[in-house]
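Enquirer: My questions are about this predicted structure, shown below with the sequence.
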Amino acid sequence: MLPAQKLSRSRTRLRRSHHALRATNYADCPRCNSPKLPHAACDNCGYVRPGLSLKIDEKES
């Protein structure tokens, strides 16, 4: 079926006003102060929580 009437651009854009993407929330690593995702291991130093850290291999160049 086709729409009964054409929707204007403003009505279409008003409906889509809630479709915007939100910025990713970053937290600072307490050990090295580099940005990381919350509840995730740090990419720089591997810190997760006190008493637990992951071993990260150094990239060879």
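Expert: Received the coordinates, thanks.
Enquirer: CA only for contacts and neighbour counts going forward, please
Expert: Will do.
Enquirer: Retrieve the pLDDT associated with the residue lying closest to residue 54 once chain neighbours are set aside.
Expert: Spatial nearest neighbour of residue 54, excluding adjacent residues (CA to CA, 6 or more residues apart in numbering): residue 46 at 4.7 Å. As predicted, residue 46 sits at a pLDDT of 86.
Enquirer: Could you measure from residue 46 over to residue 55?
Expert: Taking CA to CA, to the nearest Å as the measure, residue 46 falls 6 Å from residue 55.
Enquirer: Could I get the phi/psi values of residue 11?
Expert: Here is the backbone geometry of residue 11 (degrees, to the nearest 10): phi -70, psi -40.
Enquirer: Report the contact partners of it.
Expert: By CA atoms under 8 Å, 6 or more residues apart in numbering, the contact list for residue 11 is empty.
Enquirer: Residue 27 touches residue 36, doesn't it?
Expert: Yes - counting by CA atoms under 8 Å, residue 27 touches residue 36, with 5.5 Å between them.
Enquirer: Touching both of the two, which residues are there?
Expert: Counting by CA under 8 Å, 6+ apart, nothing touches both residue 27 and residue 36.
Enquirer: okay, residue 46 and residue 55: which has more neighbours?
Expert: Set residue 46 next to residue 55 and count neighbours by other CA atoms under 10 Å: residue 46 wins out with 18 against 9.
Enquirer: Report the separation between the more buried one and residue 14.
Expert: From residue 46 over to residue 14 (counting by CA to CA), the distance is 44 Å.
Enquirer: With residue 49 instead?
Expert: 44 Å.
Enquirer: More neighbours: which of these two?
Expert: Each of residue 49 and residue 14 has its neighbours counted (other CA under 10 Å); residue 49 has more, 15 against 9.
Enquirer: So which residues of this structure form helices?
Expert: Per DSSP state H, the chain carries helices over the ranges 9-15.
Enquirer: low-scoring stretches of it, by residue?
Expert: When residues are selected by pLDDT under 70, those of the chain lie in 59-61.
Enquirer: tell me, what residue is most central in it?
Expert: Nearest to the mean C-alpha position of the chain, by CA atoms, centre = their mean, lies residue 24 at 3.1 Å.
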